[in-house]
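>>> Just to be clear, the model below is a prediction. Sequence and coordinates:
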Amino acid sequence: MKSPAPDPITLEILYNALKSIGDETFIALMRSAYSTNIKERRDHSTAIMDTAGRLVVQAESSLPVHVASMTGLMTKLLDKFGGDIGEGDIFIANDPHVAGGTHLPDINMAMPVFDGGTLLAFMCNIAHHADVGGMAPGSMAGGMSEIYQEGLRIPVVRLFRGGELCQDVFDLILLNVRIPEERRGDYYAQVAACKLGARRLLETAGVYGFDPLQAAFAEIIALTEKRMRHAIAGIPDGTYAFDDVMDDDGLGARDIPIRVRIDIDGEAIRFDFTGTAPQVGGNINVTANATHSAVCYALKALLDPEVPNNQGVLDIPELVIDKGSLLDAAFPAPVAARANTCQRIVDVIIGALAEALPEHAVAAANGANTTAVFSGTDPRSGSGYLYLETLGGGFGGRAAKDGKDGVQVHITNTSNLPVEAIEMEYPLIVESYGLIEDSGGAGTYRGGMGLSRVIRPVGGSCEFNGAGERFTHQPWGLFGGGAGASGRFRHVDAGGGETALATKPMGVRVDEGESIVIETPGAGGYGAPGKRAAQALADDLASGKFSAAYLKRHYGYSPGEE
Amino acid sequence: MSWLIGVDVGGTFTDFYAFEAAAGTVQLFKCPSTPDNPARAIIEGLAELCAANGIEAGAVERLSHGTTVATNTLIQRRGGKVALITTEGFRDLLEVGRQTRPHMFDLQRDHPSPLVPRALRLEVTERITAGGQVVGELDAGSVASAVAALTGSGAEACAVCLLFSFLNGDHERRVGEALAQAAPDVKVSLSSEVQPEFREYERFSTTVLNAYFQPVMERYLGDLRRHVGAALPAAALGIYQSSGGLMSIDRARRFPVRTAMSGPAAGAVGAIHCARLAGRPNVISLDMGGTSADVCLIHDFEAGIGHERDIAGFPVRLPMVDINTVGAGGGSVAWFDRDGLLKVGPESAGADPGPACYGRGGAEATVTDANFVLGRLSPDGLIGGRMRLDEAAARAALAPATERLGLAVEETALGVVGIVVATMVRAIRAVSVERGLDPRDYSLMAFGGAGALHAGDVARALGIGEILVPPAPGILCAQGLIVSELKEDFVSTDRILLAGAGTGIVQAHLDGLLDKAGAWFEAEGVDPAERTLRVSLDMRFVGQNFELSVPIDQQTGGAQPRLPGARELHDLFFRVHEQHYGFHNPADPVEVINVRVTASAALPRAAAAAGMAGEAAPPAVSSRRPVHFDGDGPRQTPVYDRAALAPGHVLAGPAVIEQFDATTVLHPTDRLRIDEGLNMVIEVGL
């Protein structure tokens, strides 16, 4: 017997309670975790899924790319264990090819919640662990050519059975990752978040009842889908296309095309990625569910940023992607750096729809998830360390304002690690951290600026691994706006001599006295530079963000001229 | 005769609470605020208050002041022209912040631009390490250039923010001295003095805000001191700080950022005071006004202290009473979201035009309109009948939503109230359940203009069994001001592994802080018997990055707090971790990040306003009207005038109790009793 859908008032009150659960578990996980990715950078997400594995509520601060992993895990979990899911079980997984993941460091967890012996929902969370084993510390470096090199592959397995920890499984996992004592803490934090959410869900079910809650899950999803379809109907029907390229895969393949054709017909929207490159040897491949989440991000950002994040959004786009292509990579494709490619998927979608939605579209942002990993042995303690960071850059120029400088864009929104936290925790010194002059593309509304961070080891050497994008292809401008600067990695020796590094460098040794310079891309400008306001140009110069020469070259601007 | 006066400046009204200890006399007064110069309402109001009640100017011993001047300065961007001097290579740190966007999906929304433009963010060559050692000496030439650039810029204030200054403030001090010499008129804020704590962006942001407030607050407090000095020659002036205590005016001029949450903190302290008088150690306060609601959890007569929050989009790291503010007030507007769900707030109709029923042209349905349609508010209106409410306008405003939902107008109104209650419930859950505390173990104290109107619904939703409504719910913040302590917080940051020599290092930090606290007591002239010292440690497992505050010891009357041994410190931490996160790892190493000492000095306080005990005759019903409590239709409900209620009186619901600036709804299954302190104590019939 199905309960009727709750009225809009009850539904709103209930939905508030469910959002509270999402947010409370998100904060609990962040605060009790060990990986810097989670505790400082918030590279984690929490969600409530219904018994069919459909996303009902995601914590507000969750990352778009995690959505796919969570629904991916649920699909595989229900396929594999459908009839054999018990109270007190907790399932984990990370593998992109067999377990619905998007890359290995994201550890996915799902806990079935039973109310009076009947399955009510699943509490899920996902967290980016600082290491998951494999050939490079941090499990994120460029240069890896198959999934096995990227770390431990975990299919959907139980970490808890009937409330008891499966110690054998846990031991096996911890033996395969670097700094296992910290990773153990991360798993505990995730388990605690699942249990906390389960408790809260049961309290909510106690207030509203089992059936009304189930009906509310369905109604929340249905209303969101209706809202989203309505927004799509507002885009003029037609076909929109765009293409762009990835710099390289870290293993020699360059200028890898990504192509999209978007067909809009009333409330239906179809994304056809035919013409995109086949999957590559390096680890910038993307599994289909990660492509799906990037598409959903772009839709939500362009059409309705406040729409709740649930299955109602996920069900909207129809996707056409060739199996074995860059955007639906097949086993054993490596995928660690998939976030960079997801950024490009967003770029091509925004690029395609810009003519239809000029007020909402933005010029190309830094288009990357510039990753830097420093690792080695801490001379103070003799134990290993690993510091992973992803850096923001420019945000694209917009229809009525400049792009923001030095910020995470699109599918990621992770914090930086404070300089004082880096230096307290690791034998590293940050020499400088700031915006890069002249890096924002010219435009009526200019693109945002890239970030520069210079880091050197103290008391010994360290190893540097990185992954950059838009290092050879600049972020494009829109409606006449200029391109932003590209990014780069550099190695500076003790004498100050500089060596350019690859876009995806692996295993770079950095001795004491030497440093690594990370420069992230800027972003493209929006609209013709000639229309930029004189006051804005004067500010560009006075702030020191742009040189007189740059302003002269791109805007024909000289100080004193009006 | 010796009077204590609390004055709380709000957006609409400036409230006064005057208390004379010998006779136990209380006088309340309200006058319109004067936002262009808040001091004017204070001075004029004081004159009126004193004249009306025969208070001699010389008999006012203390004036305690809660102020929103700093916060408003920020919201309206009217602060001083500020420069920043920072470590070479890091001038953009203030702008980049944590490199995040405020909203994941919104392509148009940004964090606010920094308060210091880039051209005024100056650098000096120097470097201190994570160990506090100087690896780069402060370069005199770079200091001279920065100072020269600053003096030429017209900056009125300067924040000095160097890396690791919380471990070693020497370089900041020297830059400050150079500034004092070259530009004596420029107000200087050093990050090592404003808040010497780990995490540079939050520390820098706090320090820059302090500098931004300084010129404005200097003028305001200088004016106020002069006027108060002339009007009330014997009165000591205390300024309320966000951590829930008073500070001297000199400290307020140096550290104006500490007043950023002054008003709400005073409300929490007023609530604690009332909780004491009512003998209820565990209370959740709900202060609901026209645009927002503040909730605060009070445990054992103490409000929680948080150390970080955003103020108008800027992070502030300072001890602040842990108040959760949500956009739920009487003026909150009901609207339909794009998916058809009914929402209430955070948009508010404000004071002007205000809710539709005010009849000032407001057309949108608000929470007040809903309450009015439900019969919960008197048609004779607010503020003791000075403002009549327009029923037709309220119904007209609710009509579109009513039609869309296909409900009766009263059902729609119940929905609007239900949703605004849900918002407050979520806020209360955030300060209770999410910290491992059960709201059912607490009483709900309702105040502000709209708190007692909704308390019955809020308590029901949370399973809270008792509601307290203080005698003057509209003026509790001003009351909080006169019962406050003088307070100062001290902190020392280090990373100390709690094993081996660890406790010795913690002890050394503690000794240093206790010395500072002693010096502060002396400087403020606090008698040893009135001194209270509280010690807490911010602790975490090694490898975690968020610390939990663990209370360690508290001593009053001149005794020194003590640090227990390592074993007990571990246990104290485990307990707090368990409470917050539901687990702890007994085998994992634990470290201390901050050692904190809070010094406070008890000031003469107001006692209970004694009521007449044992009133026998039941109070008179002043009128009756139909009131909706739930979906079961209206009930003919007696209305009482609160002034007619005396200690010992008991009422059974349903009832409505009206007073000058607040209305209390007593639900049908509830019982109300007036206690000795004139509080309404409502037993909720769950």
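Cool, got the structure. Numbering: from 1, shown residues only, chains lettered A, B, ... in the order given.

>>> Tell me where the stretch 51-200 of chain A is predicted with low confidence.
Scanning the stretch 51-200 of chain A for pLDDT under 70 picks out the ranges A:142.

>>> Name the surrounding residues that touch stretch A:212-226.
If you take C-beta atoms under 8 Å, 6 or more residues apart in numbering or on different chains as the criterion, stretch A:212-226 is touched by A:2-6, A:10-11, A:14-15, A:18, A:50-51, A:54-57, A:120-121, A:204-205, A:208, A:307-308, A:310-313, A:315-316, B:339-341. All C-beta atoms are positioned from the backbone trio N, CA, C, and that covers glycine.

>>> Buried subset of the residues you listed, written for ChimeraX?
The ChimeraX selection below is limited to those of these classed as buried (16 or more other C-beta atoms under 10 Å in any protein chain shown):
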select /A:3,5,6,10,11,14,15,18,50,51,54,55,56,57,120,121,204,205,208,307,308,310,311,312,313,315,316 /B:339,341
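
>>> got the residues of the stretch 201-350 of chain B near chain A?
Taking C-beta under 8 Å from any C-beta of the partner chain, the part of the stretch 201-350 of chain B that reaches chain A is made up of B:Y201, B:F336, B:D337, B:R338, B:D339, B:G340, B:L341, B:L342, B:K343.

>>> count of residues packed around B:F204?
As a burial measure, B:F204 scores 28 neighbours (other C-beta atoms under 10 Å in any protein chain shown).

>>> how does chain A divide up, domain by domain?
Domain assignment for chain A by automatic domain parsing gives A:8-226, A:362-562.

>>> related to what we said a few turns ago, now, the residues of the stretch 201-350 of chain B next to chain A that are in helices?
The members of those that map onto helices under DSSP state H are B:Y201.

>>> hmm, which two among the residues of the stretch 201-350 of chain B next to chain A are most spread apart?
Using C-beta to C-beta, these span at most 40.6 Å, a distance reached by B:Y201 and B:G340.

>>> where in the chain is pLDDT low?
In the absence of a named chain, this looks at chain A. Residues of chain A that meet the criterion pLDDT under 70 lie in A:1-2, A:40, A:142, A:560-562.

>>> Oops, wrong one, chain B.
B:11-12, B:351, B:381-386, B:545, B:581-583, B:604-617.

>>> Quick check: the residue of it nearest chain A.
B:G89 (3.0 Å; C-beta to the nearest C-beta).

>>> For residue 135, give me its contacts.
Just going to use chain A. Each residue near A:M135 by C-beta under 8 Å, 6+ apart is listed here: A:M144, A:Q149, A:E150.

>>> that's the wrong chain, I meant chain B
B:V135 sits next to B:R127, B:I128, B:T129 when contact means C-beta under 8 Å, 6+ apart.

>>> Likewise for A:F395?
For A:F395, the contact set (C-beta under 8 Å, 6+ apart) comprises A:V362, A:A365, A:N366, A:G403, A:K404, A:D405, A:V407, A:V409, A:G447, A:G448, A:A523, B:R101.

>>> show me where the stretch 151-300 of chain B has strands.
For the stretch 151-300 of chain B, the strands defined by DSSP state E, counting those that start in this stretch occupy B:157-161, B:187-190, B:236-241, B:245-248, B:283-288, B:293-299.

>>> can I get the CA coordinates of stretch A:161-168 in CSV?
The C-alpha atoms that make up stretch A:161-168 are tabulated as CSV, following Å, rounded to 0.1, in the frame of the first residue of the first chain:
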residue,chain,number,x,y,z
ARG,A,161,28.2,-7.5,8.9
GLY,A,162,25.3,-7.4,11.4
GLY,A,163,27.1,-4.6,13.3
GLU,A,164,30.4,-6.5,13.5
LEU,A,165,33.5,-5.1,11.8
CYS,A,166,34.9,-7.5,9.2
GLN,A,167,38.4,-7.3,10.5
ASP,A,168,39.9,-9.4,7.8
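
>>> which stretches of the stretch 301-450 of chain A form helices?
Along the stretch 301-450 of chain A, counting by DSSP state H, counting those that start in this stretch, helices occupy A:311-314, A:338-353, A:419-425.

>>> next one: the stretch 51-200 of chain B
Under the criterion DSSP H, counting those that start in this stretch, helices of the stretch 51-200 of chain B are mapped to B:69-75, B:93-96, B:140-151, B:170-182, B:191-194, B:200-231.

>>> Distance to A:T25 added to those helices, as JSON lines?
Shown next, in JSON lines, are these (distance: least, C-beta to C-beta, whole Å):
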{"stretch": "helix B:69-75", "distance to A:T25": "32"}
{"stretch": "helix B:93-96", "distance to A:T25": "29"}
{"stretch": "helix B:140-151", "distance to A:T25": "46"}
{"stretch": "helix B:170-182", "distance to A:T25": "40"}
{"stretch": "helix B:191-194", "distance to A:T25": "34"}
{"stretch": "helix B:200-231", "distance to A:T25": "24"}
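
>>> and B:A413, which of these is closest to it?
helix B:69-75 (31.9 Å).

>>> Show me what that closest one is packed up against.
Packing contacts for helix B:69-75, counted by 3 or more C-beta pairs under 8 Å, 6 or more residues apart in numbering or on different chains; DSSP states H and E, involve helix B:200-231.

>>> in the helix it packs on, what's buried?
Here helix B:200-231 shows B:200-218, B:220-221, B:223-225, B:228, B:231 as buried, counting by 16+ other C-beta under 10 Å.

>>> got the angle between it and strand B:236-241?
Angle, helix B:200-231 to strand B:236-241, by axes from the mean of the first three to the mean of the last three C-alpha atoms, to 10 degrees: 150 degrees.

>>> gap between helix B:200-231 and the chain center?
Centroid displacement of helix B:200-231 relative to its chain, using C-alpha atoms, centre = their mean, to the nearest Å, is 18 Å.

>>> Stretch A:414-428 too?
21 Å.

>>> Can you tell me who whatever residue of chain A ends up closest to chain B pairs with across the strands?
Using C-beta to the nearest C-beta, A:S432 is the residue of chain A that sits closest to chain B, at 3.0 Å. With DSSP bridges as the criterion, A:S432 is bridged to A:V454.

>>> Contacts only, for it.
Shown in contact with A:S432 (C-beta under 8 Å, 6+ apart): A:S452, A:R453, A:V454, B:E88, B:G89, B:F90.

>>> burial of the fourth one, as a residue count?
As a burial measure, the neighbour count of B:E88 was computed by other C-beta under 10 Å and equals 19.

>>> How about the first one?
Residue crowding around A:S452 was assessed by other C-beta under 10 Å; the count is 24.

>>> Show me which residues of the stretch 51-200 of chain A sit near chain B.
So the stretch 51-200 of chain A meets chain B at A:60-64, A:181-182, A:184-185, A:188-189, A:191-192, A:195-196, A:200 (C-beta under 8 Å from any C-beta).
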